[in-house]
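Student: Below is the sequence, then the predicted model.
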Amino acid sequence: FGARPFAEANKEQLREAMRTGQIRVPPKRGAVPARLLLAVTRGLCPSRDGRWPNMATLLQELEEVERGLARRPRTRTLGVAALALGVAAFGLVTTGEAPPCPGPEEPRPQLWSPSDAQRVAEAIRRTRRSDAEETWARVETAAAEYVNQWGAQKNALCIARRTATSTPTQVDRTAACLHSGGSAFRVTVDLLASSDAQVAGRAVALISSLPDLSRCNITSSEANHRGPPAEEITQRAGQLWTNLQRADALRKATKHQEALSVVAEVLREAQTLHDTPLLAAAFHQRGQTHWAQHDRARARSDLLAAYNLAAKAQDDSRQARVASLLTNVIGSDHGESDLALRWGRSALATSGRPGTDPLAAADAHLAVGTLLHGLGRSEEAIDHVRQALVLHEEVESPDAVQVSTVLGNIGAIYSEQGRAGEAVPILELSLIHI
């Protein structure tokens with residue numbers, strides 16, 4: 001990089017820059033791969049949790065960076081040991097004329113301000129639930145962790161935008177992904193700020209089920225995000241996506257009728273906009289809500305519409321998720337188990353396509369495993385459910401509710417097989433994740 005990463009006019013400024021993660025932008029634009037820049041940035045994170053867990057993990061990442069450099073024509077690769085030494089010595093990020101990007105851990109009042117925290121805390125306490133204080137403590141911790149992760153990704157995006165080390169497509173997808181995650185968080189905060197006992201009872205689950213921000217990594221080549229492009233959509237279309245996120249939060253809070261009302265409005269306007277991805281998402285959301293109400297016929301109809309629209313939009317991740325849910329819906333009628341299995345195989349095949357969200361594959365394995373378990377094919381079922389657990393635990397911030405669901409399925413299968421010694425600790429672990 002050619003210079004040091006932090007301002008160093010004096011020791012006080014240097015100490016403050018290191019404490020807040022105020023990393024300067026490298027002036028050698030295009031000379032450094034984005035993945036290397038992010039590896040270094042992570043190594044300089046002021047938070048212990050934000051840094052690499054150990055040197056072995058960092059070296060593995062640098063080896064992968066080096067292999068990527070070796071594949072580039074006329075590119076001279078650097079030794080891994082030298083790269084690691086540079087990270088350890090804080091000597092790889094350089095000064096630049098542009099002002100520094102916001103630090104990864106700077107407050108993000110647009111997402112989570114002290115007044116937001118106060119509103120949510122007061123709303124939860126007003127419910128007078130016996131677990132109100134415990135619920136608020138868990139919500140506060142989970143919200144802070146989500147905002148910190150969002151801030152770190154935003155910091156990485158800012159650096160990548162200024163260095164021309166990422167393609168415009170990568171930058172646009174990351175921006176859209178972070179826009180979607182931040183919007184979903186704000187919708188959830190507003191819902192929690194008006195909590196009644198019903199919503200408060202689902203508060204932790206609502207935070208835990210927010211979009212996984214690890215898929216927003218600027219270095220990822222996966223096209224996991226199929227929401228609205230952050231800078232290309234009309235203001236009205238953007239509002240409709242936000243409304244759909246509100247419907248999702250309402251569904252998860254078991255406010256089904258309110259969720260359906262919001263989705264109905266989105267569907268009306270999305271049809272006038274001829275927005276296929278938005279229509280696919282809206283039908284998917286309505287199908288999920290009908291299924292939560294045990295309305296099998298309406299859920300099936302909406303999900304079939306969502307599947308066809310997702311195919312038209314070439315959204316593999318949504319296609320796989322809808323096929324997984326159709327496996328559950330159709331599989332609930334044992335007379336259609338063969339058709340349900342075909343949907344399950346379709347979900348598995350679609351989720352295996354390049355660029356598809358890994359958690360869509362987890363959903364597919366869980367759906368197939370649940371169906372096979374119901375058909376008495378426990379050995380086949382356990383293989384699929386275990387694979388779902390592996391995929392959930394591989395993401396940076398696993399959804400605690402989903403992990404709990406998968407663990408509960410494994411424990412139930414073991415229990416029915418008479419393997420109580422293995423079932424009990426797994427079921428206990430599933431309760432810890434809720």
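Tutor: Received it, and whenever you're ready, just let me know what you need. Numbering: from 1, shown residues only.
Student: remind me, longest helix of the protein?
Tutor: For the chain, the longest helix by residue count, based on DSSP state H, is helix 132-163.
Student: Beyond it, next helix or strand please.
Tutor: Later in the chain than helix 132-163, the nearest helix or strand by DSSP states H and E is helix 168-192.
Student: what's the following helix or strand after that following helix?
Tutor: Proceeding N to C from helix 168-192, the next assigned helix or strand is helix 197-201, under DSSP H and E.
Student: May I have that next one as CSV, with CA atoms only?
Tutor: Taking C-alpha atoms only, helix 197-201 is exported to CSV below (Å, rounded to 0.1, in the frame of the first residue of the first chain):
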residue,chain,number,x,y,z
ALA,A,197,-47.7,-8.5,24.7
GLN,A,198,-48.0,-10.5,21.5
VAL,A,199,-45.1,-8.7,19.7
ALA,A,200,-43.0,-8.5,22.8
GLY,A,201,-43.2,-12.3,23.0
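Student: what about the helices in the stretch 301-434 of the chain?
Tutor: 316-331, 337-351, 358-374, 378-394, 400-416, 420-433 (DSSP state H, counting those that start in this stretch).
Student: which other helices and strands contact the first one?
Tutor: What it means is helix 316-331. Counting contacts by 3 or more Cβ pairs under 8 Å, 6 or more residues apart in numbering; DSSP states H and E, helix 316-331 is packed against helix 276-292, helix 296-312, helix 337-351, helix 358-374. Where you see a C-beta, it was placed from the backbone N, CA and C, and this is true even at glycine.
Student: Would you convert those helices into CSV that also reports mean neighbour count?
Tutor: As requested, these are exported to CSV (neighbours: other Cβ atoms under 10 Å):
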stretch, mean neighbour count
helix 276-292, 24
helix 296-312, 19
helix 337-351, 19
helix 358-374, 24
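Student: Rebuild these as TSV, extending it with distance to A412 and mean pLDDT.
Tutor: Shown next, in TSV, are the helices and strands packed on helix 316-331 (distance: least, Cβ to Cβ, whole Å; pLDDT from 0 to 100):
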stretch	distance to A412	mean pLDDT
helix 276-292	20	94
helix 296-312	22	92
helix 337-351	18	93
helix 358-374	8	89
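Student: Out of the ones you listed, which gets nearest to S180?
Tutor: With Cβ to Cβ as the measure, helix 276-292 is the member of these nearest S180 (10.7 Å).
Student: Helix 316-331 and that closest one, what's the angle between them?
Tutor: Interaxial angle, helix 276-292 versus helix 316-331 (axes from the mean of the first three to the mean of the last three Cα atoms, to 10 degrees): 30 degrees.
Student: what's helix 276-292 packed up against?
Tutor: Using 3+ Cβ pairs under 8 Å, 6+ apart as the test, helix 276-292 ends up in contact with helix 235-252, helix 256-273, helix 296-312, helix 316-331.
Student: Show me the contact partners of it.
Tutor: 226-228, 237, 240-241, 244, 247-248, 251, 254, 256, 259-260, 263-264, 266-267, 270-271, 298-303, 305-306, 309-310, 312-313, 315, 318, 321-322, 325, 328-329 (Cβ atoms under 8 Å, 6 or more residues apart in numbering).
Student: Apart from its neighbours in sequence, what residue is nearest A360?
Tutor: A320 (4.1 Å; Cβ to Cβ, 6 or more residues apart in numbering).
Student: how many other residues sit next to V329?
Tutor: Other residues lying near V329 total 25 when counted by other Cβ atoms under 10 Å.
Student: In this structure it contacts A297, no?
Tutor: No - V329 sits out of contact with A297 when judged by Cβ atoms under 8 Å, with a separation of 9.4 Å.
Student: what's the distance between stretch 135-148 and the middle of its chain?
Tutor: For stretch 135-148, the gap between its own C-alpha mean and the chain's C-alpha mean amounts to 16 Å (Cα atoms, centre = their mean, to the nearest Å).
Student: Tell me the buried residues in that stretch?
Tutor: Residues of stretch 135-148 classed as buried by neighbour count (16 or more other Cβ atoms under 10 Å): T135, W136, R138, V139, E140, A142, A143, Y146, V147, N148.
Student: So what does H294 have for phi and psi?
Tutor: Main-chain dihedrals, H294, degrees, to the nearest 10: phi 60, psi 30.
Student: Number of residues surrounding it?
Tutor: Applying other Cβ under 10 Å, I find that H294 has 8 neighbouring residues.
Student: That one and D131: what is the separation?
Tutor: Distance of H294 to D131, computed by Cβ to Cβ, to the nearest Å: 27 Å.
Student: cool, D275 as well?
Tutor: Separation of D275 from D131 (Cβ to Cβ): 41 Å.
Student: Between the two, which has more neighbouring residues?
Tutor: D275 (23 against 15).
Student: nearest spatial neighbour of that one, skipping sequence neighbours?
Tutor: Counting by Cβ to Cβ, 6+ apart, the nearest residue to D275 once its immediate chain neighbours are dropped is A237, at 6.0 Å.
Student: go on, L260?
Tutor: Among residues not flanking L260 along the chain, T289 sits closest, at 5.6 Å (Cβ to Cβ, 6+ apart).
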